[in-house]
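*Asks:* what follows is a predicted structure for the sequence shown.
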Amino acid sequence: AMTQAIGAERVGVRLAPFTSLNGTVDSTPVDTYTAAAALLDKLNVVYIHIAEVDWDDAPDTPHDFKTAVRKAYKGTLIYAGRYNAEKAQHAIESGLADMIGFGRPFVANPDLPSRIKHGYPLAEHDPATLFGGGEKGLVDYPAYHAG
């Protein structure tokens with residue numbers, strides 16, 4: 001309906017296949033989300049954004065899942081969740097992803113592109129400041145200053 005109403009080139013879809021938030025566990029996520037990717041490919045949506053689980057001890061998204069989704073969907077694939085520069089570069093160079101989203105690293109690193117480009121260390125975010133409260137953690141992380 002959305003692709004017909006506003007055009008497929010203006011529609012992107014975000015999926016979170018391996019999350020267990022609010023009991024949304026799928027017993028066959030590879031099959032389910034590969035089928036979804038194939039349908040979205042037929043609809044010509046401009047991108048699929050896969051939100052990978054990102055809690056500290058979460059397992060990595062299975063390689064066979066990423067391969068199956070890439071085969072089923074020919075448009076722009078974006079992954080996000082616990083990526084660093086090396087992992088992001090590998091995902092793009094391998095062809096499994098076209099782009100990588102960095103969410104939480106941007107919170108603590110307002111100069112994230114520069115830090116990645118120059119190999120500077122990344123600051124850690126304070127999880128206690130992420131979702132509400134005061135202004136601490138919103139604009140007070142400093143840019144990196146070399147030597």
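*Replies:* Received, thanks. Numbering: from 1, shown residues only.
*Asks:* pretty sure A51 contacts Y83?
*Replies:* No. Counting by CB atoms under 8 Å, A51 sits too far from Y83 to count as a contact (11.7 Å). Placement of C-beta: from N, CA and C, glycine included.
*Asks:* ok, and the helix or strand in the chain with the lowest average confidence?
*Replies:* In the chain, the helix or strand scored least confidently by mean pLDDT, DSSP states H and E is helix 104-108, which has a mean of 87.
*Asks:* may I see the buried residues of the biggest helix by length in the chain?
*Replies:* Longest helix in the chain, counting residues (DSSP state H): helix 29-42. Buried residues in helix 29-42, counted by 16 or more other CB atoms under 10 Å: 29-30, 33-34, 36-37, 40-41.
*Asks:* check which helices and strands the next helix or strand after that helix is in contact with.
*Replies:* Sequence order places strand 47-51 as the next helix or strand after helix 29-42, per DSSP states H and E. When contacts are defined as 3 or more CB pairs under 8 Å, 6 or more residues apart in numbering; DSSP states H and E, strand 47-51 sits against strand 12-15, strand 76-80.
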